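In: Sequence plus predicted model, see below.
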Amino acid sequence: MKKFEWHPQSTSAVSTNFLADFESFEQFLGGGGAGIQLRDGSFVLPVQALKSDGEKVSLVILAESTSYGWKFSEEVSDAGCLQPAVLEWEENELLMMTSCADGSRRVYRSAAEGKSWREAVGTLSRVWGNSPDRAKGGVQGGFISATIGGTNVILFSQPVHSAGANDEEKGQLHLWLTDMKRIYDVGPISTQEENAAASTLLHTAPEEEEEVDGEGGKLYCAYEVTAEDKRSIVFVELKAELENIKKVLDAWEEKDRHVVESYNCTGGTCLQPQDAGVGAGALTEGLAGFLSSTSTENLWKDGYLCVDATVHGGAEGALGGLRFKGAGAGAEWPVGKQGQVQRYHFANYAFTLVAKVTINAVPGDGSSGSIPLMGAKMNDEDNSVLIGLSYTRDNKWEVTFNGRRRTLSTDDDVKWEEGKTYRVALAMGQHGGGLAAYVGGASISDSEEKEAGSTVSAEVNNLLKSRSISHFYFGGGSGGAGDAGGGIDVTVADVLLYSRLLSGAELAALTNDPPPLLLGRDAGNGSIRPERCAAQRGWWRA
């Protein structure tokens, strides 16, 4: 353990930039997380400070040693963001987790050894709330980086609150795992009765013989118990949780490999990614969720084991997905609807949603004019569509941007055909810009085209400052157009959710029409499975 000393000799090395701004700070406060030693041997200490205007902020001290060479970060967190914890993610790149007065936990990222910070809105920031209503401050949580099974990961511990006896809100400490692409709930560490509060984590590096055996070190947690007004500290080894983490990381690696093989047809020419400028790595960069062939009666399971979609109405299994048939049939993939912990919060800043869709039957006479396929809905009173793709009885595609419908022509390149499978995508860039819809490898509409002086992007940007995305939807069953009339009959399969706006080349490659498949039946269980498509020299596996 390192002991840091503050004495007159150490202040001589305080950066001049900090001294020039010294008057903006009244005092430094206790309560920050543990300090860390970087790979280059220097140290980083998270601290809290009271500014002269009365606002409290978080920042870090950079130290060459325990007693000299001190520097302070030139930038600080947003006001009201306290309880800082810091870790080194990549070399010279820091992440700082804070608990904010607005009810969220904001994560800041620095590529300059903590000298400047930017909020990591596309990954971890604001995923976790301090309470179910995300409306108040929170406690210190464990926040560490570790290498487990050869994979660099981040582990985080925080109470998840729910109503206990007499409707009293209590916190049950959960452990979370992330690789900065997806976030997995490892599960509870404490019991609900313990009403856990602050916590810290420790991961020890494995011994050489453990590395050979794949043990991966040990994981510990210390947490505060506040049950019945009696405070105590519990220290536990998380052996089962560490084993679970290893299994999840293996599953993520396997699912990444499956996605690359399915969409890229490794060794074949299904998407011709080299010609499109899209490599295998791009297919999984920012890939947060995958809905495919695994489902139950009420849930469409995420292949990355993170966030499942809820199924409504009539749905039956299909190759790589689900077939929605009848009034109200569809599924919802929650964003804001997740509650205290919103693992897809990134969607409020940028996302790309890719899927295979098949319109199995022309809508009947009793169907409404527009039948929904997929999209994103807001958490406003009207549950309005931020971006959506629909189809009509007269073979037209229809795109919705910020509640405004755009019916497209029936030109050969944009009309839909009954029974044909299309790869489609909906995308949104930073600050609501770049809303776009792709079908069959080409853009069929974007938020700015053909409208001189269009203000859609600006409107969406303003909307997302006060509102957020509630959920992604597939088919009907989400209160949108097309729910009535019983005319829906669509299959949605192999859904990919990215935490970034894919490039035009990536979107074109991912939405090229899929090759024909030779289908057979698995003699073991009778389920339909794809066989090798010799012409494409690859596999499409559900």
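Out: Thanks, I have it. Quantities reported herein were computed from a predicted structural model and do not represent experimental measurements.

In: Flag every buried residue along the longest helix along the chain.
Out: As assigned by DSSP state H, the longest helix anywhere in the chain is helix 239-264. Within helix 239-264, the residues scored as buried using 16 or more other C-beta atoms under 10 Å are 241-242, 244-245, 248-249, 252, 255-256, 258-264. No exception for glycine: its C-beta is placed from N, CA and C like everyone else's.

In: which helices and strands sit right next to that helix?
Out: Here helix 239-264 touches strand 143-148, strand 151-163, strand 169-178, strand 183-188, strand 218-225, helix 280-284, strand 287-295, going by 3 or more C-beta pairs under 8 Å, 6 or more residues apart in numbering; DSSP states H and E.

In: What is the fifth one packed up against?
Out: I take that to be strand 218-225. When contacts are defined as 3+ C-beta pairs under 8 Å, 6+ apart, strand 218-225 packs onto strand 151-163, strand 169-178, strand 196-204, strand 232-237, helix 239-264.

In: what's Ser199 in contact with, if anything?
Out: Residues in contact with Ser199, defined by C-beta atoms under 8 Å, 6 or more residues apart in numbering, are 139-142, 157-159, 173, 189, 221-224.

In: Next secondary structure after the host helix or strand of Leu386?
Out: Using DSSP states H and E, Leu386 falls within strand 385-391. Sequence order places strand 397-401 as the next helix or strand after strand 385-391, per DSSP H and E.

In: Can you name the residues in contact with that following strand?
Out: 370, 375, 385-392, 405-408, 414-416, 435, 437, 439, 444-445, 447, 456, 460.

In: Which among those count as buried?
Out: With neighbours counted by 16+ other C-beta under 10 Å, the contacts of strand 397-401 contain buried members at 370, 375, 385-392, 406, 408, 414, 416, 435, 437, 439, 444-445, 447, 456, 460.

In: now Tyr422: how far from Glu506?
Out: Remark: distance between Tyr422 and Glu506 (C-beta to C-beta, to the nearest Å) = 17 Å.

In: what's the answer for Asp229, then?
Out: Per C-beta to C-beta, Asp229 is found 55 Å from Glu506.

In: The two: which has the busier surroundings?
Out: Counted by other C-beta atoms under 10 Å, Asp229 and Glu506 do not tie: Glu506 has more neighbours, with 24 against 6.

In: if I look at the more buried one, how far off is Arg39?
Out: 32 Å.

In: can you check Phe235 too?
Out: Note on Phe235: its distance to Arg39, by C-beta to C-beta, is 28 Å.

In: do the same with Phe72
Out: From Phe72 over to Arg39 the distance is 21 Å, taken as C-beta to C-beta.

In: When the two are compared, which one has more neighbours?
Out: Higher neighbour count among Phe72 and Arg39: Phe72, with 24 against 9, using other C-beta under 10 Å.

In: Looks like Tyr108 contacts Ser77 (just checking).
Out: Yes: Tyr108 sits in contact with Ser77 when judged by C-beta atoms under 8 Å, with a separation of 6.1 Å.

In: Now the common contact residues for the two.
Out: By C-beta under 8 Å, 6+ apart, the residues touching both Tyr108 and Ser77 are 96, 98, 117.

In: quick check, the second one in a strand?
Out: Yes: the assignment for Thr98 by DSSP: H, G, I helix; E, B strand; the rest coil puts it in a strand.

In: How about the secondary structure of Asp78?
Out: Using three-state DSSP, the structure places Asp78 in coil.

In: residue contacts, it?
Out: Asp78 neighbours (C-beta under 8 Å, 6+ apart): 57, 100, 106, 119.

In: can you tell me how far it sits from Arg126?
Out: Asp78 sits 11 Å away from Arg126, going by C-beta to C-beta.

In: Over to Glu169?
Out: Distance from Glu169 to Arg126, by C-beta to C-beta: 21 Å.

In: the more surrounded of those two?
Out: Arg126 (22 against 13).

In: May I ask you to confirm that that one belongs to a strand?
Out: No: using three-state DSSP, the assignment for Arg126 is coil, not a strand.

In: Return the backbone torsion pair for it.
Out: For Arg126, the backbone dihedrals (degrees, to the nearest 10) come out as phi 70, psi 10.

In: Was I right to think it contacts Arg105?
Out: Yes: using C-beta under 8 Å, Arg126 is in contact with Arg105, at 7.1 Å.

In: Go ahead and confirm Leu283 touches Tyr263.
Out: Yes: look at Leu283 against Tyr263 with C-beta under 8 Å: they come within range, at 5.8 Å.

In: what do the two both touch?
Out: Shared contacts of Leu283 and Tyr263, defined by C-beta under 8 Å, 6+ apart, are found at Leu510.

In: If you count contacts, what does the helix or strand harbouring Val490 end up packed against?
Out: For Val490, the element it lies in under DSSP H and E is strand 489-498. Here strand 489-498 touches strand 287-295, strand 321-325, strand 330-334, strand 351-359, strand 371-378, strand 469-475, going by 3+ C-beta pairs under 8 Å, 6+ apart.

In: most packed of those?
Out: Most buried of those, by mean neighbour count (mean count of other C-beta atoms under 10 Å): strand 469-475, with a mean of 27.

In: what is the rounded mean pLDDT of that one?
Out: Throughout strand 469-475, pLDDT has a mean value of 96.

In: and it, which strands flank it?
Out: Strand pairing for strand 469-475, determined by DSSP bridges: strand 330-334 (antiparallel), strand 371-378 (antiparallel).

In: Considering the contacts of Asp78, which is situated nearest to Leu177?
Out: Set against Leu177, the nearest of those by C-beta to C-beta is Arg106 (19.7 Å).
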